[in-house]
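**Q** next comes the sequence, and after it the predicted model I'd like to discuss.
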Amino acid sequence: MTKGCHYCGTTEEELRPYGPGGEPLCFACMTAEPEREKEAGKMFEGHIALAESQSPTGTAMVSDGIPPVAVDAEELPGIIVVGHSGVRHEMMKRAGICLECSGDGEFGKTERACYEPEKYPDELEPCEHCKGTGKVDYTELA
């Protein structure tokens with residue numbers, strides 16, 4: 001049996017483990033009161049810190065439906081971190097992954113090349129931001 005939201009009991013919505021004691025919360029209940037949202041943010045930051053502490057490169061991956069997990073960015077070139085865009089960008093910056101091309105080093109000149117780059121390699125061009133490497137040292141840009 002799936003455990004529902006700590007506050008409303010729903011199992012119909014996406015639930016995150018950011019409630020009291022790691023209990024699941026739906027987004028509506030998580031943001032219903034400023035104090036709940038603040039506590040959920042602290043729980044989320046704790047998940048990120050734990051994942052980063054377990055990663056050889058100090059990076060974490062945020063994905064819909066699961067808590068943050070540790071990743072070794074050196075072993076995952078072109079990693080795309082999904083989740084809240086602010087968190088995703090921060091994690092990518094910490095890992096040195098180019099925010100412009102999501103680390104793959106290329107841009108599609110056409111929409112079809114963006115979605116199916118292997119089919120349209122002639123319609124790709126190197127990312128100007130990272131010079132096609134997929135990596136950027138954001139500490140130097142701060």
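**A** Looks like it arrived, so ask away. Note that the structure is predicted; figures quoted are calculated from it, not measured.

**Q** who's in contact with stretch 7-26?
**A** With contacts defined as C-beta atoms under 8 Å, 6 or more residues apart in numbering, stretch 7-26 is touched by 2-6, 27-30, 32, 36, 39-41, 43-44, 47, 64-65, 67. Where C-beta positions appear, they are placed from N, C-alpha and C, glycine not excepted.

**Q** only whichever of those are buried, select them in PyMOL.
**A** Of the contacts of stretch 7-26, the buried ones can be selected in PyMOL as follows, counting by 16 or more other C-beta atoms under 10 Å:
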select buried, resi 4+5+6+29+30+36+39+40+43+44+47+67
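
**Q** helices - which of the contacts of stretch 7-26 land there?
**A** Members of the contacts of stretch 7-26 lying in helices (criterion: DSSP state H): 27-30, 36, 39-41, 43-44, 47.

**Q** kindly present the residues you listed as a markdown table, with separate columns for pLDDT and distance to residue 94.
**A** Formatted as a markdown table, these follow (pLDDT from 0 to 100; distance: C-beta to C-beta, whole Å):
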| residue | pLDDT | distance to residue 94 |
| --- | --- | --- |
| 27 | 91 | 25 |
| 28 | 93 | 30 |
| 29 | 94 | 30 |
| 30 | 92 | 24 |
| 36 | 92 | 27 |
| 39 | 91 | 24 |
| 40 | 89 | 21 |
| 41 | 86 | 18 |
| 43 | 87 | 20 |
| 44 | 82 | 15 |
| 47 | 75 | 15 |
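
**Q** kind regards, and thank you for your time.
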